[in-house]
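> model this:
(one chain, ligands or ions: 2)
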Amino acid sequence: MISFEKAIRIVKENVHVLAGVEQVSLTDSVNRVLAQDVASDINMPPFRKTAVDGYACRMCDLESTLKVIEVIAAGTTPKEKILEGTCSKIMTGAPIPDGADCVIPVEDTEVLPDGTVRYISKPQPKTNICELGEDIRIGDVSLKKGVLIKPQHIAIMAALGCHSPKVSVRPRVSILPTGDELVEPSEAPTGSKIRNSNGHQLIGQVAAAGALPIYHGIVRDSEETTEKAIAKALDESDVVVLTGGVPMGDYDYVPKIMERLGVKILFDSIAVQPGKPTTFGVADEKLIFGLPGNPVSSFIQFELLVKPALLMMMGATDPYAKVYRLPLAKDYSRKRAERLGFFPIIVNNNGEVEPIEYHGSAHIFSLANASGIASIALGVKEIKKGELVDVRSI
Ligand SMILES: Nc1nc2c(c(=O)[nH]1)N[C@H]1C(S)=C(S)[C@@H](COP(=O)(O)OP(=O)(O)OC[C@H]3O[C@@H](n4cnc5c(N)ncnc54)[C@H](O)[C@@H]3O)O[C@H]1N2
Ligand code: MOO
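Numbering: from 1, shown residues only. Ligands and ions are numbered 1, 2, ... in the order given. Next up, the predicted model:
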C-alpha cells in the first residue's frame, strides 16, 4: 500500500501530453484546453466610452444649467464638441464627445421647462468614463495556452476576434464497469443484482473533465470476456477506466489480466479511504485505472487521480482541484486512522464545513447534496470544531 501523495506522483510521472491540436468553434470550445495564446488585436475599450445613460459635460459646469446639443446613441460617433454650458445626451457604451470629462447619470438630473438640464445630486460626482484600453491593450496576451476554457474565457475570445480557437485533442477514455451482479439502469434488478451506477457516473465525469467517454457496456466476470474487453479498450483509447473486480474476491481477475496484456502495474493499493484497492498501470503511453466497485470510491478516485491525468494529457496548466482550508462546524471522528480519509461535506452559510451523514463507500446518496469532500490525515482520528480542514469542491 502506497501513500496517496505517492500515487498522485506516480500518475503524474506517467502522463504524456497528447500530440494533436484541433480548431473548434467558440460554442464547442467550452471545457476544452486552449492550445494557443490569445493576444488582443484591439484595445478594450476601443474608445473612451460612457458607463451610464446620462449627459456628457464638463465637471466644472455642474453648478450651471446645461443646453443639450446632441444625442449620442451607442454605435454612433459624436459630432459636437462640449463647450462651456453645454452637454450631450449619451447612451451607455457610446463614445465620449470631445470636451467632456464626465457623464452625469440621467437619474441625477432634472430637465427644466426650457429643455436645459440641471445636475441635482449632492455627492461628489464620478466621471463614469471607461478609458481607452483600460481593460486590455493591443498585443497583450489575455489567455494563455493551457487554460481550461470556461464560458467567461469564451467571452474574451469572442471580444478579441479569436472565433475558432485551437484546443488540445481530447483523450479517448474507455469505461468498463465489471461484475456479474450488474444490470443496466433500464432494467429492474432481481435477486442479488444491482444497477450499474458507476459506468454512467464515469461517463458523466469523463465528459465533465473535457475528455471523450467511450462506453463499453458491462463486462461480465469471466477471465476470457474481461481480457477481450480490456484488450479492445486498450486498442481503441488513450485511457482505460475499469470499476470493480480489483481486490481479492474469487472473481477479481483484473490485475492478472492487465499483466497478461502487457500492462505494467505501478500500484494496486493506496492508503486512502475510500478507494484503497485503486490500481494503476501503463501500456506504452496508455494509462489504465482500475477503480474500486463501490460507487463513492470510484467517484472520489476519479476526481482525485483520473481527472487531473486527463487534464494533463490535454496540456492543462492547472490540473488539480483547488484545496480550500475551512473551519469544521462540529467535531468529526472516525474509528480507524491507517488511511488518509475523504468524507462528503456541505459548506454552510457561515463558511463552515458540515460533514454529511455517510455510511461508507457504497452510499451514493451522500454525494447528492455534497458541495465538496473534506480530508482527514492519515493517523488522525478526530478533528475538533473550528479546526481547519482541506476541502475540494465537487
Ligand atoms: N478481503 C478484502 N476484501 C475487500 C477489500 C480488501 O482490502 N480485502 N477491500 C474492500 C474495499 S475497500 C472495496 S472499495 C471493495 C472494492 O471491491 P472491487 O473493486 O473488487 O469491487 P466489487 O467487489 O466488484 O464491488 C464492490 C461493491 O461495489 C458494487 N459495484 C461494483 N460495480 C458497480 C457498478 N458499476 N455500479 C454500482 N455498484 C457497483 C458491488 O456490487 C459491490 O457491492 O472491496 C472490498 N473488499
Ligand atoms: O476503500 Mo473502499 O473504497 O473504502 O470502500
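> residue contacts, the closest residue to residue 20 other than its chain neighbours?
Distances taken as C-beta to C-beta, 6 or more residues apart in numbering put residue 169 closest to residue 20, at 3.8 Å, once the chain neighbours are dropped. Yep, even glycine has a C-beta here, placed from its N, CA and C like the rest. Taking C-beta atoms under 8 Å, 6 or more residues apart in numbering, we find residue 169 in contact with 18-22, 314.
> and the stretch 251-394 of the chain, which of its residues are near ligand 2?
Contact residues, the stretch 251-394 of the chain versus ligand 2 (C-beta under 6 Å from any ligand atom): 273-276, 292, 294, 297, 361.
> Pick out the residue in the stretch 1-150 of the chain sitting closest to ligand 1.
residue 1 (9.4 Å; C-beta to the nearest ligand atom).
> Next: the chain.
residue 293 (2.4 Å).
> just to revisit the earlier point, from the residues of the stretch 251-394 of the chain next to ligand 2, pick the one nearest residue 377.
residue 273 (11.7 Å; C-beta to C-beta).
> Not counting sequence-adjacent ones, nearest residue to the closest one?
Nearest to residue 273 is residue 339, by C-beta to C-beta, 6+ apart, at 4.1 Å.
> What of residue 287?
residue 239 (4.8 Å).
> In terms of pLDDT, where does the one you found sit?
pLDDT, residue 239: 98.
> rewinding a little: just the buried members of the contacts of residue 169?
18, 21, 314 (16 or more other C-beta atoms under 10 Å).
> Of the residues of the stretch 251-394 of the chain next to ligand 2 - the most surrounded one?
Most neighbours among those, by other C-beta atoms under 10 Å: residue 275, with 27 neighbours.
> on that earlier part again, contacting residues for the spatially closest residue to the residue of the stretch 1-150 of the chain closest to ligand 1 that is not a sequence neighbour?
Take residue 1 and drop its neighbours on the chain: the residue closest to it by C-beta to C-beta, 6+ apart is residue 269, 4.4 Å away. Residue 269 makes contact with 1-2, 276-279, according to C-beta under 8 Å, 6+ apart.
> One more pass at 7 Å, please.
1, 276-277 (C-beta atoms under 7 Å, 6 or more residues apart in numbering).
> what's the answer for residue 54, then?
So residue 54 contacts 90, 103-106, 109, 128 (C-beta under 7 Å, 6+ apart).
> got the contact list for the single nearest residue of the stretch 51-200 of the chain relative to ligand 2?
Using C-beta to the nearest ligand atom, the single residue of the stretch 51-200 of the chain nearest to ligand 2 is residue 198, 11.8 Å away. For residue 198, the contact set (C-beta under 7 Å, 6+ apart) comprises 177, 243, 293, 295, 298.
> That one and residue 301, how far apart?
To residue 301, residue 198 is 11 Å away according to C-beta to C-beta, to the nearest Å.
> what do you get for residue 166?
From residue 166 to residue 301 the distance is 32 Å (C-beta to C-beta).
> In terms of neighbours, single out the busier of the two.
Applying other C-beta under 10 Å to residue 166 and residue 301 shows that residue 301 carries more neighbours, namely 28 against 17.
> Surely the more buried one forms part of a strand?
No. Applying DSSP: H, G, I helix; E, B strand; the rest coil, one finds residue 301 to be helix, outside a strand.
> The residue nearest to it when sequence neighbours are not counted in helix, strand or coil?
Closest residue to residue 301 apart from its sequence neighbours, by C-beta to C-beta, 6+ apart: residue 275 at 4.2 Å. On the three-state scheme (three-state DSSP), residue 275 is labelled coil.
> so who does residue 275 touch?
By C-beta under 7 Å, 6+ apart, the neighbours of residue 275 are 292, 297, 300-301.
> I'd like these as TSV, with distance to residue 74 and pLDDT appended.
Formatted as TSV, the contacts of residue 275 follow (distance: C-beta to C-beta, whole Å; pLDDT from 0 to 100):
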residue	distance to residue 74	pLDDT
292	58	93
297	55	96
300	50	97
301	52	97
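> Just flag the most distant two among the residues you listed.
Farthest pair in the contacts of residue 275, by C-beta to C-beta: 292 and 300, 9.5 Å.
> Now the common contact residues for the two.
274-275.
> hmm, back to that, okay, now the residue of the stretch 1-150 of the chain closest to ligand 1: neighbour count?
What residue 1 shows, counting by other C-beta under 10 Å, is a neighbour count of 14.
> Isn't it up against residue 271?
Yes. When contacts are counted by C-beta atoms under 7 Å, residue 1 is listed as touching residue 271 (5.0 Å).
> possible to save the contacts of residue 198 as a markdown table with distance to residue 232 and pLDDT?
Listed next are the contacts of residue 198 as a markdown table, based on distance: C-beta to C-beta, whole Å; pLDDT from 0 to 100:
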| residue | distance to residue 232 | pLDDT |
| --- | --- | --- |
| 177 | 15 | 96 |
| 243 | 17 | 93 |
| 293 | 21 | 93 |
| 295 | 24 | 96 |
| 298 | 21 | 97 |
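> Strands - which of these land there?
The strands, defined by DSSP state E, take in 177, 243 from the contacts of residue 198.
> any chance of the contacts of residue 198 in CSV, with neighbour count too?
CSV is the format used below for those (neighbours: other C-beta atoms under 10 Å):
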residue, neighbour count
177, 26
243, 31
293, 25
295, 22
298, 30
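> buried stuff in the longest strand anywhere in the chain?
Identified as the longest strand of the chain according to DSSP E is strand 340-347. By 16+ other C-beta under 10 Å, the buried positions in strand 340-347 come out as 340-345, 347.
> hang on, the earlier thing: for the residue nearest to residue 273, what are its contacts?
271-273, 276, 378.
> same deal with residue 387?
327-328.
> Could I get the pLDDT score of it?
For residue 387, the predicted pLDDT is 97.
> Likewise for residue 394?
So, for residue 394, pLDDT stands at 90.
> okay, now it: neighbour count?
So residue 394, with other C-beta under 10 Å, has 14 neighbours.
> Residue 303 is in contact with that one, correct?
Yes. Using C-beta under 7 Å, residue 394 is in contact with residue 303, at 6.3 Å.
> mind listing the helices in this protein by residue range?
For the chain, helices defined by DSSP state H occupy the ranges 4-13, 151-159, 198-208, 223-236, 254-260, 295-301, 307-313, 365-368.
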